[in-house]
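In: I need the structure of the sequence given here:
(2 chains)
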Amino acid sequence: MTEGSCMARHPGSAQSHHYRLEPTIDLCSMDMTVLERQRTRLKWLKPQDFGGSASTNLFPTGSQADKHQESSTALIEMLSRADGRDGGWPDLTAGYLAQGGGFEPLPEPARLGFGTGGSAAANNSEMEAACRGLGQAAISRSSSCPADIDGQEEDEKGRVAASLKGSFKKRKAEKAQGHASEASSPKGMVTEEMKDKRIKGERDGDGDEEVSKQRRNDNNNTSEMSVETTKDSSKASEVQKPDYIHVRARRGQATDSHSLAERVRREKISERMKYLQDLVPGCNKITGKAGMLDEIINYVQSLQQQVEFLSMKLAAVNPRLDFNIDNFFTKEIFSPCNSSMVSPELASASYLHFNTAQPAAMQPVTPCCGLDVPISTTEALRRTTSGPVTIPDPFIEPGFQGNGSLPTWDADLQALYNMGFLQGRPAAFPSPPFPGTQEANNLKMEM
Amino acid sequence: MQETPKSFRHEFLRQLLLGLKHSSSRAQEMSLLERKKAIKLAADTALAMASDGSHWSRALISNLSKLDGSQSLIKTMMGDEAFQKIKKPINGASAFCRKLGARRVLKGYTMRMREKKRVPPCVSAQALAKKLVKRRTEKLKCLIPGGEFMDRYSLLVEASDYILSLKAQVDVMQRLANVLACKDIQLNE
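Out: Okay, the predicted model is just below:
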């Protein structure tokens, strides 16, 4: 599914399929800990050897030089994204986007990487800590954009450099573990490999001038990178204690606990703002809290208005408020099902699972969009069509005997179903990959 | 773009259908607007039920329960014991809210007094920026259910969670509406 949607977006990247399939097969199990996932990613990536031929171009970026690095990063980010997700409704965004959400379909890998880290945070704090390593590499890349007013960029860069060596020093909960494990595990290697050339320069120590070049604000001088490197590599092993966040005081800055606390707080907030930048579409250009807050407010208001509008639409669509289908769904949902409650719900999902891969097809054929190619359907469909067909409503039918896995809707199955529905009328449907438009039209005629 | 997990959407749909089923008994005599309100209520409750565990969901449910005519629906959806828990205020919560409110009023008053005394000759950019951010934070606090008592960081956390769930809600409802519209047209042919 992911592949399909990606295909729609990146027609040119024939190479990328090979790489995309492997990791999703390997790493989709949610039982693996984050560490194991990282290790498998590493194992998978090692032979790849960031050569030009191995590069995948998932997300076209500006610079050629960073291409393979970024694409591998993008891959890793995509993998980490696939980890925490059921991966069930990946086409929805595509459909939603295409329906004129007007949103940017291709976020930069920087945003995506951090967004991955951030979204995992909602589900799993452990993963957040791990992904932050990736995300911070992404932040470092994004920090090439003009710095925002507060001089947060500088904080971030210092933080990126600092955190990559695992040396935050401050007393708070829970973050230190993530950072410590980042520093000590091979993840650290990954993040280091993934980094931008600029950051590499910084880290090597000769980038002191580079670093100062990039710093817009002269007031806050950060400590020398080389000093940090040596110190922090030794300190990394020490930072195994739980419950502490260690923040290093920067050179030229006050070292009292208040300002440190404030700095950590500010950095947390800016992290969150970056994550929100991913969520809210069209926010990539906006720097600064006020503008971002404005966009967030507008977005939340528009979403709430959409809910109102949709509820009005639902009210208008059925005057009796009795959703026949839905009664059947709920019956099925609440009845003790053999194979858990998942399948009838998925059956219901299959109806809501529109042909989002071809949104253009949906609009002109709206009346029959319910029978457009659902991406997944239940096995019951197969069974139902072979048996006697009595129920008039096509929507309800497959929901009942929901059992087992979800095969994809192939054309002959659909043909069978349609034949059953039309009560024996022969329906010779062709079997194109996305038969939505054609067959929907046929159905419409024959009804 | 972030995606909410499949399980969330399923849960939301399930709760929504439950709620609608409950409301459908009285659907005959309701006007369009009333139906819309009922649907919206069911949708919001379903959203809060599906994203259980976050602050805004609890605040949303308590806000919804204060509307008239919503109690029965919420009771049906949540189950009686959970509903009772919501109804019963947390010990000291009301006192806390009152204190907070009083503090806010006092703060606003003193701020205004101070501003009147001190007329800045020029408004620094930083102060202006701070004011803008503050104003927008206040607005965001009104938008996000339960946001009035949160500090800025947790407000952002809740906002991101809320936005994700809202997106999922909009998506599911859109598809539901499409399915029903299709079915309607097909039946009418």
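In: how about low-confidence regions in the chain?
Out: Here I'm looking at chain A. Per-residue confidence for chain A (pLDDT under 70) gives these ranges: A:1-242, A:320-447.
In: actually chain B
Out: Under the criterion pLDDT under 70, the flagged ranges of chain B are B:1-3, B:87-101, B:104, B:108, B:115-122.
In: helices of that one, start to end?
Out: In chain B, the segments counted as helices under DSSP state H are B:6-23, B:32-50, B:55-65, B:71-78, B:80-87, B:93-117, B:125-143, B:152-188.
In: out of these, flag the one nearest A:D278.
Out: helix B:152-188 (9.0 Å; C-beta to C-beta). The C-beta positions use only the backbone N, C-alpha and C, and glycine is treated the same way.
In: give me the element A:A254 is part of.
Out: In this assignment (DSSP states H and E), A:A254 forms part of neither any helix nor any strand.
In: can you put the helices of chain B in a markdown table and add mean neighbour count and distance to chain A?
Out: What follows is those, written out as a markdown table (neighbours: other C-beta atoms under 10 Å in any protein chain shown; distance: least, C-beta to the nearest C-beta, whole Å):
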| stretch | mean neighbour count | distance to chain A |
| --- | --- | --- |
| helix B:6-23 | 22 | 3 |
| helix B:32-50 | 22 | 4 |
| helix B:55-65 | 19 | 11 |
| helix B:71-78 | 18 | 12 |
| helix B:80-87 | 12 | 18 |
| helix B:93-117 | 10 | 20 |
| helix B:125-143 | 14 | 4 |
| helix B:152-188 | 21 | 4 |
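In: dump those helices to a markdown table, plus distance to A:V264.
Out: Conversion of the helices of chain B to a markdown table gives the following (distance: least, C-beta to C-beta, whole Å):
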| stretch | distance to A:V264 |
| --- | --- |
| helix B:6-23 | 31 |
| helix B:32-50 | 32 |
| helix B:55-65 | 22 |
| helix B:71-78 | 38 |
| helix B:80-87 | 35 |
| helix B:93-117 | 25 |
| helix B:125-143 | 19 |
| helix B:152-188 | 11 |
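In: A:A249: which of those helices is closest?
Out: Between A:A249 and those, the tightest spacing by C-beta to C-beta is seen for helix B:152-188, at 21.6 Å.
In: of the helices of chain B, which is nearest A:I269?
Out: helix B:152-188 (5.5 Å).
In: from the chain's centroid, how far away is that closest one?
Out: In terms of C-alpha atoms, centre = their mean, to the nearest Å, the centre of helix B:152-188 is set 14 Å apart from its chain centre.
In: that helix to helix B:32-50, inter-axis angle?
Out: Computed by axes from the mean of the first three to the mean of the last three C-alpha atoms, to 10 degrees, the angle separating helix B:152-188 from helix B:32-50 equals 130 degrees.
In: now helix B:152-188 and helix B:125-143, what's the angle there?
Out: Here helix B:152-188 runs at 50 degrees with respect to helix B:125-143, directions being taken by the same axes, to 10 degrees.
In: what angle sits between helix B:152-188 and helix B:55-65?
Out: Inter-element angle recorded for helix B:152-188 and helix B:55-65: 60 degrees (by the same axes, to 10 degrees).
In: now do the buried residues in the helix ranked longest in chain A.
Out: Here the longest helix in chain A is taken by residue count, with DSSP H as the criterion, and it is helix A:289-317. Residues A:289-297, A:299-300, A:303-304, A:306-307, A:310-315, A:317 are the ones in helix A:289-317 that count as buried (16 or more other C-beta atoms under 10 Å in any protein chain shown).
In: what about that helix, near chain B?
Out: Yes. Contact check for helix A:289-317 against chain B, using C-beta under 8 Å from any C-beta of the partner chain: residues in range are A:289-290, A:293-294, A:296-297, A:299-301, A:303-304, A:306-308, A:310-317.
In: what helices or strands is that helix leaning on?
Out: Here helix A:289-317 touches helix A:257-279, helix B:32-50, helix B:125-143, helix B:152-188, going by 3 or more C-beta pairs under 8 Å, 6 or more residues apart in numbering or on different chains; DSSP states H and E.
In: now the longest one and helix A:257-279, what's the angle there?
Out: For helix B:152-188 against helix A:257-279, the angle between stretch directions is 10 degrees (the same axes, to 10 degrees).
In: SS state for A:A249?
Out: Using DSSP: H, G, I helix; E, B strand; the rest coil, the three-state assignment for A:A249 comes out as coil.
In: that one contacts A:H258, doesn't it?
Out: No. Proximity of A:A249 to A:H258 does not meet the contact threshold set by C-beta atoms under 8 Å, at 11.8 Å.
In: give me the more crowded residue out of the two.
Out: Set A:A249 next to A:H258 and count neighbours by other C-beta atoms under 10 Å in any protein chain shown: A:A249 wins out with 16 against 8.
In: grab the nearest non-local neighbour of the more buried one.
Out: Nearest non-adjacent residue to A:A249, counting by C-beta to C-beta, 6 or more residues apart in numbering or on different chains: A:T255, 4.1 Å away.
In: for B:N63, see how far away that neighbour is.
Out: 45 Å (C-beta to C-beta, to the nearest Å).
In: cool, A:S257 as well?
Out: 39 Å.
In: for A:L314, same thing?
Out: Using C-beta to C-beta, A:L314 is found at 21 Å from B:N63.
In: same question for B:F12.
Out: Here B:F12 is placed at a distance of 18 Å from B:N63 (C-beta to C-beta).
In: then B:V157?
Out: For B:V157, the distance to B:N63 (C-beta to C-beta) stands at 19 Å.
In: and what of A:L293?
Out: With C-beta to C-beta as the criterion, A:L293 and B:N63 are 22 Å apart.
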